[in-house]
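Undergrad: requesting a structural model of the entry that follows:
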Amino acid sequence: MPNRPSHERLMKEEDLHAVLAVQAACYPPAMQEPAAVVLDRLRAAPATTLVACDGEGVCAYVFAYPSKRGRITPLHAGFAPAPDADTLYVHDLAVHPRALGQGLGRSLVQALFDAARAQGLHQAALVAVMDARPFWEALGFAEADPGQGAAALASYPGDALYMWRRIDA
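TA: Now for the predicted structure:
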């Protein structure tokens with residue numbers, strides 16, 4: 001029987017090793033981001049950085065931060081939350097293979113949307129990578145023009161694309 005998730009919560013610095021293990025299980029080496037960058041992101045946006053846990057520990061995570069529509073964080077770069085944010089930028093969502101098919105990704109995104117609305121943000125944007133487009137489309141995201149973010153979008157391998165959606169209640 002699969003490990004059912006026990007809970008979702010805000011990420012803590014003590015989760016770093018487990019988060020890096022999930023990242024390593026989900027991404028090829030060129031897309032794995034260094035521990036220092038991951039820790040910096042957690043510190044930059046603690047209210048929108050979440051994990052899901054099962055009986056074995058952290059099995060999924062999501063990193064996001066308040067931003068502006070059209071701003072894209074390049075791969076391996078730190079977060080720069082915008083003081084005049086209008087958009088929740090979802091930088092990374094990963095679910096360990098042992099926890100796939102349990103709805104964790106959708107659940108973490110919904111928790112993010114709740115946090116974003118509480119911060120007065122009414123839209124979300126992201127870069128879809130590694131054939132994730134259908135997942136994000138199922139959550140209401142659509143491809144959008146990256147505008148000035150096109151250069152940052154090019155830092156991602158493959159057919160990465162910028163996506164956007166409203167998150168009003």
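Undergrad: neighbours of Phe141, how many?
TA: 22 (other Cβ atoms under 10 Å). The C-beta positions use only the backbone N, C-alpha and C, and glycine is treated the same way.
Undergrad: what sits closest to it if chain neighbours are left out?
TA: With sequence-adjacent residues excluded and distances taken as Cβ to Cβ, 6 or more residues apart in numbering, Phe141 is closest to Met163, at 4.0 Å.
Undergrad: which neighbouring elements make contact with the helix or strand encompassing that neighbour?
TA: Using DSSP states H and E, Met163 maps to strand 161-166. Other elements packing on strand 161-166 under the criterion 3 or more Cβ pairs under 8 Å, 6 or more residues apart in numbering; DSSP states H and E are strand 123-128, helix 133-138, strand 142-143.
Undergrad: just these: most buried one?
TA: The highest average neighbour count among the helices and strands packed on strand 161-166, using mean count of other Cβ atoms under 10 Å, belongs to strand 123-128 at a mean of 22.
Undergrad: in stretch 110-130, what's buried?
TA: Using 16 or more other Cβ atoms under 10 Å as the burial criterion, the residues of stretch 110-130 that qualify are Ala111, Leu112, Phe113, Ala115, Ala116, Leu121, Ala124, Ala125, Leu126, Val127, Ala128, Val129.
Undergrad: tell me how far the strand of greatest length in the chain lies from the chain's centre.
TA: With DSSP state E setting the assignment, residue counts place strand 57-67 as the longest strand in the chain. Its chain's C-alpha centre lies 5 Å from the corresponding centre of strand 57-67 when counted by Cα atoms, centre = their mean, to the nearest Å.
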